[in-house]
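S.K.: Sequence and computational prediction follow.
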Amino acid sequence: MIAETVCSAVAAAGLGIAAVTAYRKRFLTAARLAAYSLVPLGLVMTGVVEWAADTAFSPTAWAGFGVLGAAWLLFMTTRAVERRSGGTRKERRAARAAQRDAVAPAASAPSLGPAAARPAARPESKPRKAPAGDDFSDIEAILKKHGI
């Protein structure tokens, strides 16, 4: 009852301010003020204000919001776990079986997948140096210089 009275008073005050603004030849601003001031009156007339007041002071409604929050939390948790683990148990088992049977031991190159379809790497134009493990003379010289 109090909320309806306050909303009606706000609407009346807003319409009064809109009338004064229109008197000052600022019609666009006055129309906007009138629109804003009619919103609380419309909410009272449709019953939204009464519903909101009943919901705000109802322990049953707050318990319902709590249940909805718990359901949402469970739903999101299960989706996150499912994404991390890769699906249901049947899906994981089917994926493992498909992976095992994907390539036969004597398979040709096209059946090996996209990695085998790539052309071989081009040979380098520079001659390769000897592997690093063969020549440690530089390192030995540095170590002897420092007394190690």
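M.R.: Noted; the coordinates are in hand.
S.K.: In CSV, could you pull the C-alpha coordinates for stretch 57-72?
M.R.: Taking C-alpha atoms only, stretch 57-72 is exported to CSV below (Å, rounded to 0.1, in the frame of the first residue of the first chain):
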residue,chain,number,x,y,z
PHE,A,57,9.0,-10.0,2.2
SER,A,58,8.2,-13.6,1.6
PRO,A,59,10.5,-16.2,3.1
THR,A,60,9.1,-18.8,0.6
ALA,A,61,10.2,-16.7,-2.3
TRP,A,62,13.7,-16.2,-0.9
ALA,A,63,13.9,-20.0,-0.4
GLY,A,64,12.8,-20.5,-4.0
PHE,A,65,15.6,-18.1,-5.1
GLY,A,66,18.1,-20.2,-3.1
VAL,A,67,16.9,-23.4,-4.7
LEU,A,68,17.2,-21.9,-8.1
GLY,A,69,20.8,-20.7,-7.3
ALA,A,70,21.7,-24.2,-6.0
ALA,A,71,20.3,-25.7,-9.2
TRP,A,72,22.3,-23.3,-11.4
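S.K.: looking only at pLDDT, what's the mean for that stretch?
M.R.: For stretch 57-72, the mean pLDDT works out to 89.
S.K.: from the chain's centre, how far out does stretch 31-47 sit?
M.R.: 35 Å (C-alpha atoms, centre = their mean, to the nearest Å).
S.K.: Need the contact partners of it.
M.R.: Applying C-beta atoms under 8 Å, 6 or more residues apart in numbering, the external contacts of stretch 31-47 come out as 3-4, 7-8, 10-15, 17-18, 21, 49-50. All C-beta atoms are positioned from the backbone trio N, CA, C, and that covers glycine.
S.K.: right, and the helix or strand after the lowest-mean-pLDDT helix or strand in the chain?
M.R.: Lowest by mean pLDDT, DSSP states H and E among the helices and strands of the chain is helix 114-117, with a mean of 55. Later in the chain than helix 114-117, the nearest helix or strand by DSSP states H and E is helix 137-145.
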